[in-house]
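Q: Take this sequence and fold it.
(one chain, ligands or ions: 2)
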Amino acid sequence: MAGTDRHKDKPAASRRTVLRAALAAGGAAALGRSALADAGNPANQPPNVPDWTRNLGDGVAVRAYGKPSKHEAHVIRRDVEWLTASRESSVSFTPLHELDGVITPNGLGFERHHSGIAEIDPADYRLIIHGLVDKPLIFTLDDLKRFPRVNRIHFCECAANSGMEWRGAQLNGCQYTHGMVHCVMYTGVTLKTLLDEAGLKPKAKWLLLEGGDAAAMTRSLPLQKALDDALIAYRMNGEMLYPEHGYPARVVLPGWEANMWVKWLRRIEVGDQPWHHREETSKYTDLLENGIARRFTFVMDAKSVITNPSPQAPLRHKSGFTILSGIAWSGRGKISRVDVSLDGGRNWRPARIDGPAWDKALTRFYYEFDWDGRELLLQSRAIDETGYVQPTKNELRKLRGVNSVYHNNGVQTWHVHKNGEVENVEVS
Ligand code: MTE
Ligand code: CO
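A: Ligands and ions are numbered 1, 2, ... in the order given. All right, here's what the predicted structure looks like:
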């Protein structure tokens, strides 16, 4: 039965005319509709009855695994071609301007792989713990699932996020300037639980974490962090990890740079000092102006970005009530405040944080204002619970020069033009 008789009669044309007249006379605002009220296909709009009301839709289980509406097909991870030397060793970016709230959907979190995605059969998955332990151990995935579980929501940010912006405004879109961050709920076992099981020798000070991908990526982790709050996670947002995020198990290091969050984790060796890594120990260091490198800069400092409006999400109305939105996060704890400026940092007003402001997690802020239609220089700055205030890019450059591509947490500026288009700029 497709459609009912009730819907088959087309309403009289005169009603439509009346409605249009009401809208034109300023009824639009009262109905909560914008200047876009004329967009789309009138045949689907009141007073007409669209096909989706006339016809039955798919029943349950036709879409056995749900996905977003086909009208949201533009909401995808993207890469930057000139940044991507090969598809395997590359990065894709979270579409931050298309998301709201604080949780990143499992299919949209940025990916960074040094040798592509390892497709691991969970039956063959093994995690080895050895070195300075009383009892070397090998865990299957089922073994990991039989240890007491914890659920933790944390952001994961690559140290190179915003790295292309050190020398000046470069990429036009928060997806590209800030999209190497995501935030999900991880389920797993604390690393401490596993290390207790193996028993640490008194000399233990550092761990080697090794991935099972073709990069066999290794990282040195100070034991203190491992015992503090590190996890071995196998679920994200309730689902098993997706292959691109390390299925079936990865390391989670709350607040620390993502390059140490080893994916497809297969081996943990306990030692008494950091390892020299085959793959560029020097690379994840921050080269200063004087040639000396900052090393072991593990913690991600507080940062924020306005996701809407932004270059990929311009303002479509010419003026009037405007919602500004963005995210803030800190590797040192909770976000306690976010300030917003409409004039390039001259005046600051507190933004409204809405939703949870969890420890070391993305935090959502809004700022609603009446746009007078003039040009804007939008900025946001995050303040975390330690009192740390997100610095400007120039303050950071004074301290660190421009040789590094890592740890750029400077304030971002978006130039909103009169026509609503938005551009990545810098203010001095
Ligand atoms: N782990 C392995 N085994 N191989 C890798 O290439 N890349 C690291 C880290 N862990 C990587 C890895 C880097 S540099 C980052 S930024 C994060 O994984 C990215 O995690 P994601 O792909 O889940 O966003
Ligand atoms: Co990285």
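
Q: Skip the chain neighbours and tell me the closest residue to Val252.
A: Spatial nearest neighbour of Val252, excluding adjacent residues (CB to CB, 6 or more residues apart in numbering): Leu231 at 4.1 Å. For the C-beta atoms, the positions are set from N, CA and C on the backbone; glycine is no exception.

Q: One more: Phe369?
A: Closest residue in space to Phe369, ignoring its immediate chain neighbours: Thr322 at 5.7 Å, by CB to CB, 6+ apart.

Q: That neighbour and Tyr366 touch, don't they?
A: No: counting by CB atoms under 8 Å, Thr322 sits too far from Tyr366 to count as a contact (10.7 Å).

Q: For whichever residue of the chain sits closest to ligand 1, name its beta-bridge partners.
A: In the chain, the residue that lies nearest ligand 1 is Gly211 (2.3 Å; CB to the nearest ligand atom). With DSSP bridges as the criterion, the beta-bridge partners of Gly211 are Leu265.

Q: list the contacts for it?
A: Ala118, Met217, Thr218, Gly246, Val262, Lys263, Trp264, Leu265, Arg266 (CB atoms under 8 Å, 6 or more residues apart in numbering).

Q: Kindly recompute the last result at 7 Å.
A: Neighbouring residues of Gly211 by CB atoms under 7 Å, 6 or more residues apart in numbering: Met217, Val262, Lys263, Trp264, Leu265, Arg266.

Q: circling back: quick check: the residue nearest to Val252 touching Gly188?
A: Yes: counting by CB atoms under 7 Å, Leu231 touches Gly188, with 4.5 Å between them.

Q: Identify the contacts common to those two.
A: With CB under 7 Å, 6+ apart as the test, Leu231 and Gly188 both reach Val150, Val252.

Q: For the stretch 101-250 of the chain, which segments count as helices?
A: 141-145, 174-178, 191-198, 223-228 (DSSP state H, counting those that start in this stretch).

Q: just the CA coordinates of the second one, formatted as PDB?
A: The C-alpha trace of helix 174-178 is given here as PDB (Å, rounded to 0.1, in the frame of the first residue of the first chain):
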ATOM      1  CA  CYS A 174      39.300  23.800  10.200                       C
ATOM      2  CA  GLN A 175      39.100  20.200   8.900                       C
ATOM      3  CA  TYR A 176      42.700  20.700   7.600                       C
ATOM      4  CA  THR A 177      44.100  23.200  10.200                       C
ATOM      5  CA  HIS A 178      42.700  21.300  13.300                       C
END
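
Q: how far is that helix from where the chain is centred?
A: Taking CA atoms, centre = their mean, to the nearest Å, the mean C-alpha location of helix 174-178 is offset from the chain mean by 10 Å.

Q: Check which helices and strands it sits against.
A: Contacts defined by 3 or more CB pairs under 7 Å, 6 or more residues apart in numbering; DSSP states H and E place helix 174-178 against strand 303-308.

Q: after the strand it packs on comes which helix or strand?
A: strand 320-329 (DSSP states H and E).

Q: quick one: average confidence on that next one?
A: For strand 320-329, mean pLDDT is 98.

Q: May I see the buried residues of it?
A: By 16 or more other CB atoms under 10 Å, the buried positions in strand 320-329 come out as Thr322, Leu324, Ser325, Gly326, Ile327, Ala328, Trp329.

Q: Against Ala313, how distant is the first one?
A: From Thr322 across to Ala313, the span is 12 Å (CB to CB, to the nearest Å).

Q: do the fourth one as well
A: Going from Gly326 to Ala313 by CB to CB gives 11 Å.

Q: Please give the element, helix or strand, for Leu396.
A: Using DSSP H and E, Leu396 falls in helix 393-400.

Q: got a list of contacts for that helix?
A: For helix 393-400, using CB under 7 Å, 6+ apart, the contacting residues are Asp286, Leu288, Asn408, Gly410, Val411, Glu426, Ser428.

Q: what about 8 Å?
A: 165-166, 286, 288-289, 294, 407-411, 426, 428.

Q: Flag every buried residue along it.
A: The neighbour-count check on helix 393-400 (16+ other CB under 10 Å) flags Lys393, Leu396, Arg397, Arg400 as buried.

Q: could those be laid out in CSV, adding distance to ligand 2 and pLDDT?
A: CSV is the format used below for the buried residues of helix 393-400 (distance: CB to the ion, whole Å; pLDDT from 0 to 100):
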residue, distance to ligand 2, pLDDT
Lys393, 20, 95
Leu396, 19, 94
Arg397, 22, 93
Arg400, 18, 88
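
Q: got a list of what the residue lying closest to Leu227 once chain neighbours are set aside touches?
A: Spatial nearest neighbour of Leu227, excluding adjacent residues (CB to CB, 6+ apart): Lys192 at 4.9 Å. Lys192 is in contact with Ala226, Leu227, Ala230, counting by CB under 8 Å, 6+ apart.

Q: The last one - how many residues pack around it?
A: Just to be clear, that refers to Ala230. 26 (other CB atoms under 10 Å).

Q: thought it was touching Val251?
A: Yes: look at Ala230 against Val251 with CB under 8 Å: they come within range, at 6.5 Å.

Q: what does the stretch 201-350 of the chain have sitting close to ligand 1?
A: Gly211, Asp213, Ala215, Met217, Glu244, His245, Ala258, Asn259, Trp261, Val262, Lys263, Trp264 (CB under 6 Å from any ligand atom).

Q: how close does the third one sit to Ile117?
A: Counting by CB to CB, the gap from Ala215 to Ile117 is 11 Å.

Q: Would you agree Ile383 is in contact with Gly333?
A: No: the pair Ile383 / Gly333 is not scored as a contact, 11.0 Å apart, by CB under 8 Å.

Q: of the two, who's got more company?
A: Neighbours were counted for Ile383 and for Gly333 using other CB under 10 Å; Ile383 has more, 19 against 16.

Q: Distance check, the residue nearest to Phe369 against Leu378.
A: 10 Å.

Q: Please state the offset of the helix or strand hosting Ala382 from the chain centre?
A: Secondary structure assignment for Ala382, by DSSP H and E: strand 376-384. Distance, stretch centre to chain centre, for strand 376-384: 18 Å (CA atoms, centre = their mean).
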